[in-house]
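Novice: mind looking at a prediction? Sequence and model below.
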Amino acid sequence: MSTFRLHVNIDHVATLRQARGTPYPDPLWAAPLCELAGADGITVHLREDRRHIQDRDVRLLRETVRGVLNLEMAATDEMVKIACAIKPDVVTLVPEKRAEQTTEGGLNIKASRKSVEKAIAALKKARIQVSLFIDPTEEAVKLSHDVGAPRIELHTGDYCEKQHDVRAQAGERELERLRNSAQLGSELGLHVAAGHGLDYINVAPVAAIAAVTELNIGHAIVSRAVLVGMECAVREMRDAMDRGRSQLVHATHGARG
């Protein structure tokens, strides 16, 4: 496995399946193709409304994924029970709204602290690593540490939406928020991942953030896979990430020189 990891979210393979109620395309077919192409892990989100990934998918992926299986889910008793039974390598606790098309932001830990702490305690007891999907703010990073989460995933959605706003430099400000939050997380001893909305064009600056050691990317890869195939789509993303990471290496060597 690479020290800078790519976890591929295969939710939208299941979205295609559920659109027609067919048994295909099956996420279980997609996962090994992703791993063969260089993915270090597989991410799936088991939503409460089961709009794409199903319980059966998670159970069978647990048996077949060779790398890391990361299960995204809400901090509810139902989901915690499922996770403790299936035992993914990592559970990422995310906010969830029934009407949203996709996750719209990070966990509000302050507002949901009791349920988050309860979920973390149960998952740790089951020896499952826990990550919190959070907005890139100092408060959210510190709260994640305070409630006992060993991992965080920084929400990159605002950066992705504002990256093209050159006139207002909004994209650069969002990137700086990601850098600062990732650095703080690293200083607090947290494993720092990032994801949401990343694609082949905007991934490089995030990949160049030294404190970020893992990216979770799904929609862009699955969309590309429709045209070029899953293995090619994953390799192209891996290449885009590595090109971004090389900027960090060059900058480090330049500073030493």
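Specialist: Okay, I see it.
Novice: ok, V80 - contacts?
Specialist: V80 makes contact with K118, A119, A122, L123, according to C-beta atoms under 8 Å, 6 or more residues apart in numbering. Quick note: C-beta positions are derived from backbone N, CA and C, even for glycine.
Novice: what packs against the helix or strand where the third one lies?
Specialist: This means A122. Take DSSP states H and E as the rule and A122 turns out to sit in helix 113-125. Here helix 113-125 touches helix 77-86, strand 90-93, strand 129-134, going by 3 or more C-beta pairs under 8 Å, 6 or more residues apart in numbering; DSSP states H and E.
Novice: adding mean pLDDT and distance to A111, write the ones you listed out as CSV.
Specialist: CSV is the format used below for those (pLDDT from 0 to 100; distance: least, C-beta to C-beta, whole Å):
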stretch, mean pLDDT, distance to A111
helix 77-86, 98, 18
strand 90-93, 98, 13
strand 129-134, 98, 13
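Novice: helix/strand/coil for the residue positioned nearest the centre of the chain?
Specialist: What sits nearest the mean C-alpha location of the chain, by C-alpha atoms, centre = their mean, is N216, with 3.3 Å. At N216 the chain is in strand, as set by DSSP: H, G, I helix; E, B strand; the rest coil.
Novice: residue contacts, it?
Specialist: H7, N9, T43, N70, T92, E153, A193, A194, G195, H196.
Novice: and the helix or strand hosting Q247, how far out from the chain's middle?
Specialist: Taking DSSP H and E as the definition, Q247 sits inside helix 230-256. On the basis of C-alpha atoms, centre = their mean, to the nearest Å, helix 230-256 sits 18 Å off its chain's mean C-alpha point.
Novice: E161 against G197, yeah?
Specialist: Yes. Using C-beta atoms under 8 Å, E161 is in contact with G197, at 7.0 Å.
Novice: can you select the buried ones from the contacts of V80 in PyMOL?
Specialist: One line in PyMOL is enough to select the buried members of the contacts of V80, burial here meaning 16 or more other C-beta atoms under 10 Å:
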select buried, resi 119+122+123
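Novice: out of the contacts of V80, who's nearest L36?
Specialist: Among those, L123 lies closest to L36 (C-beta to C-beta), at 29.5 Å.
Novice: surely that closest one and A85 touch.
Specialist: No. Assessed by C-beta under 8 Å, L123 is found out of contact with A85, at 11.7 Å.
Novice: how about L154, secondary structure?
Specialist: The local conformation at L154, judged by three-state DSSP, is strand.
Novice: ok, it touching L132?
Specialist: No. Counting by C-beta under 8 Å, L154 does not reach L132; the two are 10.0 Å apart.
Novice: mind listing the shared neighbours of the two?
Specialist: G106.
Novice: please say which of E161 and G197 ends up with more neighbours.
Specialist: It is G197, of E161 and G197, that has more neighbours when counted by other C-beta atoms under 10 Å, with 20 against 14.
Novice: which one is that one nearest to, not counting chain neighbours?
Specialist: C160 (3.4 Å; C-beta to C-beta, 6 or more residues apart in numbering).
Novice: count of residues packed around R224?
Specialist: Neighbour tally, R224, other C-beta under 10 Å: 18.
Novice: the one 10 residues further on too?
Specialist: Neighbouring residues of V234 were enumerated by other C-beta under 10 Å; the total is 24.
Novice: how about it, nearest residue that isn't a chain neighbour?
Specialist: Closest to V234 by C-beta to C-beta, 6+ apart is A37, at 3.7 Å.
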